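Trainee: need a structure here:
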Amino acid sequence: MEDKIFLLVKVTVKTSYRNIHDAIQELQSKTELVVSSTKNVKVLNTEIMQLKTRTP
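Mentor: Sure, this is the predicted structure:
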């Protein structure tokens with residue numbers, strides 16, 4: 001069976017950015033995420049969902 005699941009990750013950060021939105025943008029674009037397969041579950045793809053933290 002192939003399906004999609006969503007995992008919520010909590011990250012505590014300390015940043016030199018004055019605006020947390022800049023830190024979020026950097027993490028979203030530069031983080032390498034690894035979710036390992038197990039004996040019974042093969043991970044086919046992972047991605048960080050892009051959050052829209054700023055309003056135009």
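Trainee: using CSV, write out every CA atom in stretch 4-20.
Mentor: The C-alpha coordinates for stretch 4-20 follow below in CSV (Å, rounded to 0.1, in the frame of the first residue of the first chain):
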residue,chain,number,x,y,z
LYS,A,4,0.9,10.0,2.4
ILE,A,5,1.4,10.8,6.0
PHE,A,6,2.2,14.2,7.6
LEU,A,7,4.6,14.4,10.5
LEU,A,8,4.7,17.6,12.7
VAL,A,9,8.1,18.6,13.9
LYS,A,10,8.9,21.0,16.7
VAL,A,11,12.1,22.9,16.4
THR,A,12,13.5,25.3,19.0
VAL,A,13,15.9,27.9,17.5
LYS,A,14,18.1,30.8,18.5
THR,A,15,18.8,33.2,15.7
SER,A,16,20.6,36.5,14.9
TYR,A,17,17.7,37.4,12.6
ARG,A,18,15.6,40.3,13.9
ASN,A,19,12.6,38.8,12.2
ILE,A,20,11.6,35.1,12.8
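Trainee: what does it contact?
Mentor: If you take Cβ atoms under 8 Å, 6 or more residues apart in numbering as the criterion, stretch 4-20 is touched by 22, 23, 26, 27, 35, 49, 53. No exception for glycine: its C-beta is placed from N, CA and C like everyone else's.
Trainee: buried stuff in it?
Mentor: Using 16 or more other Cβ atoms under 10 Å as the test for burial, stretch 4-20 gives no buried residues.
Trainee: averaged pLDDT, it. What do you get?
Mentor: Mean pLDDT, computed over stretch 4-20, is 94.
Trainee: tell me the pLDDT of the residue sitting nearest the centre point of the chain.
Mentor: The chain has residue 48 as the residue nearest its centroid, 3.4 Å off, counting by Cα atoms, centre = their mean. Here, the pLDDT recorded for residue 48 equals 89.
Trainee: again with the one 4 residues further on
Mentor: The predicted structure scores residue 52 at 77 on the pLDDT scale.
Trainee: assign residue 14 to helix, strand or coil.
Mentor: Counting by DSSP: H, G, I helix; E, B strand; the rest coil, the backbone at residue 14 sits in coil.
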